[in-house]
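Asks: following is a predicted model, sequence given first.
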Amino acid sequence: MRVENVQVIDEAQPNLNPIKPRPILNMAIAGVLGLMLGIFLVFLIEYLDNTIKTAEDVERHLGLAVLGGIPVIKGDESGLISMTDPKSPVTEAFRILRTNIQFSSIDKELKTLIVTSASPTEGKSIISINLASIIAQNDKKVLLIDCDLRKPRVHENIGLANMEGLTKVLMGDKDLYDVVHEYEDVSNFYILTSGPIPPNPAELLGSRRMKEFLDNIKDDFDMIILDSPPIGLVTDSAVLSNIADGLLYVIAVGQTDIEVVKSGKEQLNKAKANIIGVVLNKIPIEGRASYRYHYYQYYNYYGDEHKKGKRRRAKA
């Protein structure tokens with residue numbers, strides 16, 4: 001066909017701005033979606049994380065007062081950190097705990113104090129050791145007894161032999177002062193290890209001999225601290241609570257399920273234990289703003305003195 005009335009008005013030009021891809025727009029959309037997904041995941045994890053994380057959680061679920069909070073202790077600093085690093089925030093946290101324990105029972109003097117937790121690996125032995133050391137440094141005569149006759153840890157953390165200890169004393173084979181250890185670097189700080197593991201730990205701890213043993217040595221010490229097994233696994237702590245003046249409940253932050261902690265408290269209540277309060281252990285310094293602010297302020301208060309002291313100890 002011949003079309004004579006068709007003319008070219010404008011010549012076709014290529015589009016300099018391609019329709020696809022559009023990297024800036026795609027990045028903006030991806031950023032918004034990623035932010036929304038991240039917020040959703042944070043809320044989901046927070047919702048599914050059924051653990052104790054703050055003092056408010058303790059008061060809401062357990063109805064107990066928090067007497068102290070101990071930050072995370074590095075693995076190579078475990079043991080008597082109150083002696084190896086006396087100006088650290090961890091040591092200061094133990095001093096605060098010591099003071100709060102003194103004020104927790106004004107009407108009734110605490111001579112025997114049990115330290116326990118709901119589950120293993122919550123740090124109750126480290127709490128017991130450093131708390132006993134801090135109290136002894138306050139010009140008090142303190143005896144730390146390892147009453148965990150299943151998996152004793154006190155002698156390992158301090159570096160003592162465990163051939164003879166509490167079980168030998170209760171069986172009548174040894175006297176207390178034949179097997180007790182006096183810590184060299186802390187005056188008035190005495191340690192009684194568990195001794196050989198018996199076949200019947202609960203019966204031995206709940207025996208008449210155990211009660212008579214504590215009654216006989218109460219006048220010799222200002223404070224007796226008993227490091228006992230986790231209440232969520234065995235009944236040893238519940239048995240001991242009947243012959244002790246008070247009990248300190250250790251809870252690891254973000255580790256122990258709330259139901260496990262509540263179950264442990266119910267067992268202690270059935271045994272009519274005098275729970276004086278809770279210690280929140282393994283608090284992450286980079287965690288909630290309140291903890292982060294407290295420990296950062298502590299470091300700023302001591303300034304470079306604390307850091308220089310750590311460097312001098314490292315060189316030594």
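Replies: Yes, it's here.
Asks: just the pLDDT at the residue positioned nearest the centre of the chain, thanks.
Replies: The residue lying closest to the centre of the chain (C-alpha atoms, centre = their mean) is Asn281, at 2.0 Å. pLDDT, Asn281: 92.
Asks: identify the residues contacting the helix or strand that it is a member of?
Replies: In this structure, Asn281 sits in strand 275-283 according to DSSP states H and E. If you take C-beta atoms under 8 Å, 6 or more residues apart in numbering as the criterion, strand 275-283 is touched by 52, 55, 58, 62, 64-73, 97, 100-101, 104-105, 110, 113, 122-124, 126-127, 246-255, 265, 268-269, 291. The C-beta positions use only the backbone N, C-alpha and C, and glycine is treated the same way.
Asks: same thing but at 6 Å, please
Replies: Contacts with strand 275-283, where a contact means C-beta atoms under 6 Å, 6 or more residues apart in numbering, come from 58, 64-72, 104-105, 123, 127, 246-253, 268, 291.
Asks: distance check, Ala93 against Ser82.
Replies: 10 Å (C-beta to C-beta, to the nearest Å).
Asks: whoops, Asn188 was the one
Replies: As for Asn188, its distance to Ser82 is 14 Å (criterion: C-beta to C-beta).
Asks: ok, now Met27?
Replies: Counting by C-beta to C-beta, the gap from Met27 to Ser82 is 52 Å.
Asks: for Leu110, helix, strand, or coil?
Replies: Secondary structure, DSSP: H, G, I helix; E, B strand; the rest coil: Leu110 is coil.
Asks: which phi and psi does it have?
Replies: Dihedral pair for Leu110: phi -90, psi 110, per degrees, to the nearest 10.
Asks: contacts only, for it.
Replies: Asp245, Gly246.
Asks: so what's it scoring on pLDDT?
Replies: pLDDT recorded at Leu110 is 86.
Asks: returning to that earlier point: and the strand holding Asn281, which strands flank it?
Replies: Its sheet considered, strand 275-283 pairs with strand 66-71 (parallel), strand 246-252 (parallel) by DSSP bridges.
Asks: so which of those strands gets nearest Ile285?
Replies: Each of the strands paired with strand 275-283 has some distance to Ile285 by C-beta to C-beta; the shortest is strand 66-71, at 5.3 Å.
Asks: give me the beta-bridge partners of the residue nearest to the centre of the chain?
Replies: Ala252.
Asks: so what's the closest residue to Gly195 other than its chain neighbours up against?
Replies: The shortest distance from Gly195 to any non-neighbouring residue, by C-beta to C-beta, 6 or more residues apart in numbering, is to Gly165 (2.9 Å). Counting by C-beta under 6 Å, 6+ apart, Gly165 makes contact with Val179, Leu192, Thr193, Ser194, Gly195.
Asks: if any of the contacts of strand 275-283 are buried, put those into a PyMOL selection.
Replies: Remark: buried members of the contacts of strand 275-283, expressed as a PyMOL selection using 16 or more other C-beta atoms under 10 Å:
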select buried, resi 58+64+66+67+68+69+70+71+72+123+127+246+247+248+249+250+251+252+253+268+291
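Asks: what's the following helix or strand after the longest helix belonging to the chain?
Replies: Criterion DSSP state H: the longest helix present in the chain is helix 23-48. The element immediately downstream of helix 23-48 (helix or strand, assigned by DSSP H and E) is helix 55-61.
Asks: before we move on, back to that, and Asn188 and Ser82? Which one has more around it.
Replies: Between Asn188 and Ser82, Ser82 has the larger neighbour count (other C-beta atoms under 10 Å), namely 24 against 18.
Asks: next up, the contacts around the more buried one.
Replies: Ser82 is in contact with Thr91, Phe94, Asn130, Ser133, Ile134, counting by C-beta under 6 Å, 6+ apart.
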